[in-house]
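Engineer: Output the structure for:
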Amino acid sequence: MRIFGNVILDYDSFKALSSHVRIDILKYLDSRQMTVTDLAKVLKISKSTAHKHLERLVEVGLIERQDDHRKWVY
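Structural biologist: Predicted coordinates for the structure are as follows:
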């Protein structure tokens, strides 16, 4: 997995990584940008579930939300 910058793995980061879904999300996002809808389809989960997992990854600093003022958010 490519890592851009320094990643600090603290207790909250390890808790976030305890979910296989969140690890799968990181793997997919490592290969290309994806929307919540894209991730939900490929992981076969609801968009709301994908969104909750993404929010958790943002909270601990493992991913950043990229909003370019279109209808898609990466």
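Engineer: Just list the residues touching the spatially most central residue of the chain, thanks.
Structural biologist: Nearest to the geometric centre of the chain sits Leu54, at 4.2 Å (C-alpha atoms, centre = their mean). By C-beta atoms under 8 Å, 6 or more residues apart in numbering, the contact set of Leu54 is 25, 36, 39, 63, 65. Where you see a C-beta, it was placed from the backbone N, CA and C, and this is true even at glycine.
Engineer: Pull out the buried members of the residues you listed.
Structural biologist: 25, 36, 39, 63 (16 or more other C-beta atoms under 10 Å).
Engineer: need the contact list for the last one.
Structural biologist: Residues counted as contacts of Ile63 (C-beta under 8 Å, 6+ apart) are 25-26, 29, 54, 57.
Engineer: In helices, which of the contacts of Leu54 appear?
Structural biologist: The helices in this structure, assigned by DSSP state H, contain 25, 36, 39 from the contacts of Leu54.
Engineer: Mind putting those into TSV with distance to Lys15 and pLDDT?
Structural biologist: Listed next are these as TSV, based on distance: C-beta to C-beta, whole Å; pLDDT from 0 to 100:
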residue	distance to Lys15	pLDDT
Ile25	15	95
Val36	22	91
Leu39	20	95
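Engineer: so can I have JSON lines of these showing distance to Ser46?
Structural biologist: Formatted as JSON lines, those follow (distance: C-beta to C-beta, whole Å):
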{"residue": "Ile25", "distance to Ser46": "14"}
{"residue": "Val36", "distance to Ser46": "10"}
{"residue": "Leu39", "distance to Ser46": "11"}
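Engineer: who's in contact with the lowest-mean-pLDDT helix or strand in the chain?
Structural biologist: Least confident element among the helices and strands of the chain, by mean pLDDT, DSSP states H and E: helix 11-16 (a mean of 88). Applying C-beta under 8 Å, 6+ apart, the contact partners of helix 11-16 are 7, 22, 56-57, 59-62.
Engineer: Would you list the buried entries among those residues?
Structural biologist: Looks like the contacts of helix 11-16 have 22, 56-57, 60, 62 buried, using 16+ other C-beta under 10 Å.
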